[in-house]
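Enquirer: Give me a 3D structure for the following:
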Amino acid sequence: MRTVLAVTLSVCLSAFADDRNLSQYDAIGPFTIQSVSSNREADRLNGQVRDFLWTHWRQHQRGTVAATYQFVDGTARLSFFIEPDKQGQWVIVERQDNPFSPKVKAKVFACAAFERVEPDRLRQPLIVIPDTAPRQPEQYLLHPLCSNGRDAKLW
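Expert: Predicted coordinates:
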């Protein structure tokens, strides 16, 4: 089973790996997450992704996650890479595409600064959770500080 999972993850990420040597990365996934409100399984899986991103970014460890999000009106495939950029800053890179619309160009977002915030996606301003405050990953969201304001990206 582990070999099949590793092969599946490798195939899922290969389209986004560019020149990355994925053998240097810790990996989890691929996940299929049904994004339906009040879905405990989606909350649990999103928490695993979030905890992996937060922990690896803070500890400066290379990592990668693959997740396919299924919405009522479509599907999005996300691949995350935690790695140093060309200047040596640790970043999280998010690549998003639609596996059912290959003509739509993939979107790439990268950021080097993050904070944990209360999990109320509609609240502005966001309420920051101190780094020292213990929280389960289902009880916070990650806010890339490169994305502020009304359209703030939250993971």
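
Enquirer: I'd like to know how far L145 sits from Q96.
Expert: 19 Å (CB to CB, to the nearest Å). In short, each C-beta sits where N, CA and C put it, glycine included.

Enquirer: These two - which one has more neighbours?
Expert: Residue environment comparison for L145 versus Q96 gives the larger neighbour count to Q96, 16 against 11, counting by other CB atoms under 10 Å.

Enquirer: Does the more buried one touch G74 like I think?
Expert: No. Under the contact definition of CB atoms under 8 Å, Q96 does not touch G74, with a separation of 11.6 Å.

Enquirer: Which positions in stretch 47-64 come out as buried?
Expert: By neighbour count on 16 or more other CB atoms under 10 Å, the buried set for stretch 47-64 is 48-54, 56-57, 62-64.

Enquirer: now stretch 118-131
Expert: For stretch 118-131, the buried set under the neighbour-count rule, 16+ other CB under 10 Å, comprises 119, 126, 129.

Enquirer: could you dump the residues you listed to a markdown table with secondary structure?
Expert: Written out in a markdown table, the entries for the buried residues of stretch 118-131 read as follows (DSSP: H, G, I helix; E, B strand; the rest coil):
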| residue | secondary structure |
| --- | --- |
| P119 | coil |
| L126 | coil |
| I129 | strand |
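
Enquirer: Save the buried residues of stretch 47-64 as TSV, and put in pLDDT too.
Expert: Conversion of the buried residues of stretch 47-64 to TSV gives the following (pLDDT from 0 to 100):
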residue	pLDDT
Q48	96
V49	96
R50	96
D51	97
F52	98
L53	97
W54	97
H56	98
W57	97
R62	98
G63	98
T64	97
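
Enquirer: So which of those residues are in helices?
Expert: Cross-referencing these with the helices (criterion: DSSP state H) gives 48-54, 56-57 as the overlap.

Enquirer: what's the closest of the residues you listed to S35?
Expert: Of all these, V49 has the smallest distance to S35: 12.2 Å, by CB to CB.

Enquirer: Looks like the closest one contacts F31 (just checking).
Expert: Yes. At 6.6 Å, V49 counts as touching F31 under the criterion of CB under 8 Å.

Enquirer: any residues in contact with both of those two?
Expert: 65, 67 (CB atoms under 8 Å, 6 or more residues apart in numbering).

Enquirer: for the closest residue in space to G74 that isn't next to it in sequence, what are its contacts?
Expert: Here the nearest residue to G74 in space, its sequence neighbours aside, is N98; by CB to CB, 6 or more residues apart in numbering that works out to 6.8 Å. N98 makes contact with 74-77, 104, according to CB under 8 Å, 6+ apart.
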